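In: Dropping a prediction and its sequence here:
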Amino acid sequence: QVQLVESGGGLVQAGGSLRLSCATSARTASSYKMAWFRQAPGKEREFVAAITKAGLNTYYADSVKGRFAISRDNAKNTLYLQMNSLKPEDTAVYYCAADLAYYGTSWSGWGSWGQGTQVTVSS
C-alpha cells in the first residue's frame with residue numbers, strides 16, 4: 001500500500017473553484033492508477049474521477065464531467081483535482097485512492113486511501 005495525504009479543501013461559494021492535491025509516499029507513484037472519490041453525510045462514497053498511471057487517460061462521473069479535471073505530476077508524486085463551477089451538491093469529504101491494478105468506479109476495488117479533505121459549497 002501507499003500513503004496518501006489530501007489537501008486543498010475548504011469553503012467556497014457556488015460557482016467558485018478549488019484545487020485539491022493528493023501527495024503520495026510512493027517513490028514510484030507512476031506505478032499506481034489513481035482516483036478521487038467523495039462522500040457526503042449520510043451517503044455512500046461515490047466515484048468522481050480516475051486517471052491512468054502515466055496520466056494519458058481519464059474518466060469522470062457524469063455529475064462532474066465538464067466541471068472537474070483530474071491530473072497528476074509523477075515527478076512530484078502528486079495527484080490533483082481541479083473543481084470549477086462548484087455546486088452545493090458537491091459538498092462532501094473528498095478522498096484520493098490508489099491501486100496498482102484496479103481502475104474502476106467501485107470504492108472497494110481501490111487498495112490505498114487518504115484521510116480525506118472537506119469541501120463545502122455554500123449557496
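Out: Yep, that arrived. Bear in mind the structure is a predicted one, so any value in this text is a computation, not a measurement.

In: What's opposite the spatially most central residue of the chain in the beta bridge?
Out: Nearest to the mean C-alpha position of the chain, counting by CA atoms, centre = their mean, stands Trp36 at 2.3 Å. On the basis of DSSP bridges, Trp36 is bridged to Ala49, Cys96.

In: Could you pull out the buried residues of stretch 60-75?
Out: By neighbour count with 16 or more other CB atoms under 10 Å, stretch 60-75 contains the buried residues Tyr60, Ala61, Val64, Phe68, Ala69, Ile70, Arg72, Asn74. Placement of C-beta: from N, CA and C, glycine included.

In: Return the set of buried residues in stretch 84-99.
Out: For stretch 84-99, the neighbour count (16+ other CB under 10 Å) marks Leu86, Asp90, Thr91, Ala92, Val93, Tyr94, Tyr95, Cys96, Ala97, Ala98, Asp99 as buried.

In: same check, this time on stretch 23-43
Out: Along stretch 23-43, the positions that meet the burial threshold by neighbour count (16+ other CB under 10 Å) are Ala23, Thr24, Ala26, Ala29, Tyr32, Lys33, Met34, Ala35, Trp36, Phe37, Arg38.

In: and it, average pLDDT?
Out: Model confidence over stretch 23-43 averages 91 on the pLDDT scale.

In: how far is it from where the chain is centred?
Out: How far stretch 23-43 lies from its chain's middle: 6 Å, per CA atoms, centre = their mean, to the nearest Å.

In: any weak-confidence spans in the chain?
Out: With pLDDT under 70 as the threshold, the chain has low-confidence stretches at 26.

In: so where do the strands sit in the chain?
Out: 4-7, 10-13, 18-24, 33-39, 46-51, 58-60, 68-73, 78-83, 92-99, 112-113, 117-122 (DSSP state E).
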